[in-house]
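Undergrad: Here you go, sequence then predicted model.
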Amino acid sequence: MIKIKLAELLGKHKMTQKTLANLTNIRPATISKMYYEEVKRIDVSQINRICTVFNCEISELLEFTPDDK
């Protein structure tokens, strides 16, 4: 399972979804879906833009946890 840690990053940087959308040129609806972990896929360019804004590694945005089976 992939966890999107966008809510944590926004809180850490005291930034709103709208501000991130403006800085990354990603639609606010897409940012919201990422925030609530409702997206099915994320474009590599979007990951790049978000990591650039937060000056972070991909591992700070995305986390892999094995599924329970």
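TA: That came through, no problem.
Undergrad: show me the contacts for F54.
TA: By C-beta atoms under 8 Å, 6 or more residues apart in numbering, F54 lies in contact with L9, H13, E60, L61. All C-beta spots, glycine's among them, are computed from the backbone N, C-alpha and C.
Undergrad: Do a quick rundown of the strands in the protein.
TA: 2-4, 62-64 (DSSP state E).
Undergrad: Check which residues of the last one are buried.
TA: Within strand 62-64, the residues scored as buried using 16 or more other C-beta atoms under 10 Å are L62.
Undergrad: Check which helices and strands that strand sits against.
TA: The contact analysis (3 or more C-beta pairs under 8 Å, 6 or more residues apart in numbering; DSSP states H and E) places strand 62-64 against strand 2-4.
Undergrad: and the helix or strand of the chain with the lowest mean pLDDT, what does it pack onto?
TA: Of the helices and strands making up the chain, the lowest-confidence element is strand 2-4, at a mean of 94, by mean pLDDT, DSSP states H and E. Counting contacts by 3+ C-beta pairs under 8 Å, 6+ apart, strand 2-4 is packed against strand 62-64.
Undergrad: repeat that for 10 Å
TA: Using 3 or more C-beta pairs under 10 Å, 6 or more residues apart in numbering; DSSP states H and E, the elements in contact with strand 2-4 are helix 28-35, strand 62-64.
Undergrad: Run me through the strand neighbours of that strand, direction for each.
TA: If you go by DSSP bridges, strand 2-4 pairs up with strand 62-64 (antiparallel).
Undergrad: outside of the strand it pairs with, which residues touch it?
TA: The set of residues external to strand 62-64 that reach it, using C-beta atoms under 10 Å, 6 or more residues apart in numbering, is M1, I2, K3, I4, K5, L6, E8, I42, I47, I50, C51.
Undergrad: Stretch 35-53 now?
TA: 1-7, 9-10, 13, 15, 17, 19-20, 22-27, 30-34, 56-62.
Undergrad: From the opening residue of it to its closing one, how far?
TA: Its start and end residues considered, stretch 35-53 measures 15 Å (C-alpha to C-alpha, to the nearest Å).
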